[in-house]
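In: Curious how this folds, go ahead:
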Amino acid sequence: VQVKSENSKSIWNTEEVSEGSEFDDTWDPREQPEYEILFKQCVGTEDVFFGMSRKDPSTACCEDIVIKIKLPETKYADITLNIQDKVLDLRTPKKKLLLHLPYRVDSKNGKARFLSEEETLEVTLRVSREFDFINFA
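Out: Numbers count the residues shown, from 1 in each chain. Sure thing, here's the model as predicted:
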């Protein structure tokens, strides 16, 4: 079987390269900050007490991903944050984090807030799964 390439001189197709790999730079000496990934879901009494919805405590039923990133000695103005569908890229003068997310997210509608007292950046992203409109209707 012969596979035709878009460009005869290319060594791979663009579909073969994972999203976010353009940010991978192993030569960068900046330290990776501590981070924590949390999952958040909206539940009501009908979910908790009556079990009327299809929700369970697993991450498959969560609507949001919350990423808490510790950034000591960092100002809000020094933070550069780039979010794609499966990748979070954070850069500061001293720290760098390239995080491949466990689920596809809505990269256009996220929230980020910097808690200066705790020196933590909190990023909330809406999970975008293919069949959520059926599962959570």
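In: show me the contacts for the residue lying closest to R91 once chain neighbours are set aside.
Out: Excluding the flanking residues, the one nearest R91 by C-beta to C-beta, 6 or more residues apart in numbering is T80, at 4.5 Å. (Glycine included, C-beta is placed from N, CA and C.) The neighbours of T80, taking C-beta atoms under 8 Å, 6 or more residues apart in numbering as the test, are 90-92.
In: Out of the residues you listed, grab the one that's most surrounded.
Out: L90 (23 neighbours; other C-beta atoms under 10 Å).
In: So in that sheet, which strands flank the helix or strand hosting that one, and in what orientation?
Out: Following DSSP states H and E, one finds L90 within strand 87-91. Next to strand 87-91 in the sheet, as set by DSSP bridges, lie strand 80-83 (antiparallel), strand 96-100 (antiparallel).
In: Any chance of a markdown table for these, columns mean pLDDT and distance to E31?
Out: As requested, these are exported to a markdown table (pLDDT from 0 to 100; distance: least, C-beta to C-beta, whole Å):
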| stretch | mean pLDDT | distance to E31 |
| --- | --- | --- |
| strand 80-83 | 93 | 16 |
| strand 96-100 | 92 | 8 |
